[in-house]
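Asks: Requesting a structural model of the entry that follows:
(one chain, ligands or ions: 1)
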Amino acid sequence: MVSFRCIHHTILVLVLIIATSAVAQDVTAVRANSIEIAEDVHFLPGLSCNVVVVTGPEGVLIIDNGSSRNREILKEEIAKLVSGPIRIAINTHFHFDHVGANQALGVDGTMIIAHDHARRRMMTEWQIPETLGVSYPVIPPYPDVALPTLTFDRTLTVHFNGHKIEVIHFPNAHSDADVAVFVRDRNVLHTGDLYLSNGFPILDSYNGGTIDGLISALDGLIDLIDENTKVVAGHGPLSNREGLRKYRQMLGVGRDRIATLIKEGKTLEETVEADPLAGLYSQGQSWLPPKLFIWTVYVDLARRR
Ligand SMILES: [Zn+2]
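Replies: Below is the predicted model:
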């Protein structure tokens with residue numbers, strides 16, 4: 001794991017991740033070998049985010065689709081599983097490392113499903129405000145063909161290939177546009193970035209993400225599934241309900257320690273320095289530097305005081 005000596009580095013890395021996904025791209029080498037985790041349900045790791053592919057007589061449905069530079073590998077991997085069109089693509093949220101193939105899919109006529117806010121975020125230019133002297137790139141709007149064509153607010157059920165696929169919005173969690181996707185009859189859940197099975201997350205606190213919303217989303221997911229559910233996180237290895245429980249516990253303790261430091265009047269730098277995540281993970285066990293979690297939770301909680 002890379003260690004960061006000052007907050008400027010931390011912020012710069014955060015921006016690279018949420019604004020361009022460049023770091024996510026570099027950290028995760030492309031290794032797209034699919035694994036069938038339930039009948040006709042395939043887990044495709046390594047395309048900058050985890051992808052789930054549901055196959056059947058009506059065609060293919062995919063949940064998330066990786067970064068744009070992996071779009072050809074995505075199509076090749078799916079073609080190895082089954083021939084026929086990708087009929088439906090569900091976006092768990094709007095971040096580049098999850099929707100990068102949207103444009104290629106849209107050109108092919110795939111129906112793209114996402115939360116109302118995901119489409120809205122993708123239609124407009126956005127930029128993280130300058131912080132501590134560091135400025136950030138502008139994220140341009142997506143072309144029309146890449147935009148979700150079916151959007152919803154709370155829940156949506158997709159009946160496809162004989163499956164009942166539940167798409168559920170969790171407000172103000174990792175961002176304000178997150179959905180989890182539950183293939184109920186196959187007992188497979190894709191959490192998007194509500195859950196990272198490889199360490200601490202970051203909140204997109206500039207696009208509606210909040211730590212309390214994220215924790216309540218995790219509670220909702222834990223209640224939704226059972227001990228046999230295959231849980232596909234936004235990033236990281238295949239997991240299960242126990243993994244989700246441990247993660248929720250880790251984030252809850254970290255959140256409370258950061259909140260205490262804010263109440264004591266600590267600055268952002270002092271809070272990072274105080275190491276509020278000590279003992280919650282083993283060094284080297286988090287894909288993203290845990291300081292990013294501290295920084296984004298601090299921004300979220302401090303503005304709500
Ligand atoms: Zn994300």
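Asks: Report how many residues lie close to residue 58.
Replies: Residue 58 has 16 neighbouring residues, counting by other Cβ atoms under 10 Å. C-beta coordinates here come from the backbone N, C-alpha and C atoms, glycine included.
Asks: my guess is it contacts residue 160, does it?
Replies: Yes - between residue 58 and residue 160 there is a contact under Cβ atoms under 8 Å: 5.9 Å.
Asks: Now do the shared contacts for those two.
Replies: Common neighbours of residue 58 and residue 160, using Cβ atoms under 8 Å, 6 or more residues apart in numbering, are residue 87.
Asks: Would you map the strands across the chain?
Replies: Counting by DSSP state E, one finds strands in the chain at the ranges 35-38, 41-44, 51-54, 60-63, 86-90, 111-115, 150-152, 155-160, 163-169, 179-183, 188-190, 230-232.
Asks: looking only at pLDDT, what's the mean for the fifth one?
Replies: Going back to what we said before, that points to strand 86-90. Per-residue pLDDT values over strand 86-90 give a mean of 98.
Asks: Tell me which other helices or strands that strand touches.
Replies: On a contact count with 3 or more Cβ pairs under 8 Å, 6 or more residues apart in numbering; DSSP states H and E, strand 86-90 meets strand 60-63, helix 102-107, strand 111-115, strand 155-160.
Asks: Are there helices or strands packed against the shortest one, and which ones?
Replies: The one in question is strand 60-63. If contacts are counted by 3+ Cβ pairs under 8 Å, 6+ apart, strand 60-63 sits against strand 51-54, helix 71-81, strand 86-90.
Asks: for these, which one sits closest to residue 278?
Replies: strand 51-54 (34.3 Å; Cβ to Cβ).
Asks: closest point of the stretch 101-250 of the chain to the ion, which residue?
Replies: Going by Cβ to the ion, the ion is nearest to residue 193 of the stretch 101-250 of the chain, at 3.6 Å.
Asks: buried stuff in stretch 41-49?
Replies: 41, 42, 43, 44, 45, 46, 47, 48, 49 (16 or more other Cβ atoms under 10 Å).
Asks: In those residues, find the pair that's most separated.
Replies: Greatest spatial distance in the buried residues of stretch 41-49: 41 and 48, 20.5 Å, computed using Cβ to Cβ.
Asks: Which helix runs longest in the protein?
Replies: Counting by DSSP state H, the longest helix found in the chain is helix 241-263.
Asks: Let me have the strands of the chain in TSV, extended by distance to residue 222.
Replies: Output for the strands of the chain, formatted as TSV (distance: least, Cβ to Cβ, whole Å):
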stretch	distance to residue 222
strand 35-38	19
strand 41-44	20
strand 51-54	19
strand 60-63	19
strand 86-90	21
strand 111-115	21
strand 150-152	23
strand 155-160	18
strand 163-169	13
strand 179-183	11
strand 188-190	10
strand 230-232	10
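Asks: ok, now how distant is the closest residue to the residue of the stretch 101-250 of the chain closest to the ion other than its chain neighbours from residue 105?
Replies: Here the nearest residue to residue 193 in space, its sequence neighbours aside, is residue 234; by Cβ to Cβ, 6 or more residues apart in numbering that works out to 3.7 Å. Separation of residue 234 from residue 105 (Cβ to Cβ, to the nearest Å) stands at 19 Å.
Asks: more neighbours, these two?
Replies: Taking other Cβ under 10 Å, residue 234 and residue 105 do not tie; residue 234 has more neighbours (26 against 23).
Asks: Could I get the pLDDT score of that one?
Replies: According to the predicted model, the pLDDT of residue 234 comes to 97.
Asks: Only the buried residues of stretch 154-168, if you could.
Replies: Across stretch 154-168, burial judged by 16+ other Cβ under 10 Å covers 156, 158, 160, 161, 163, 165, 166, 167, 168.
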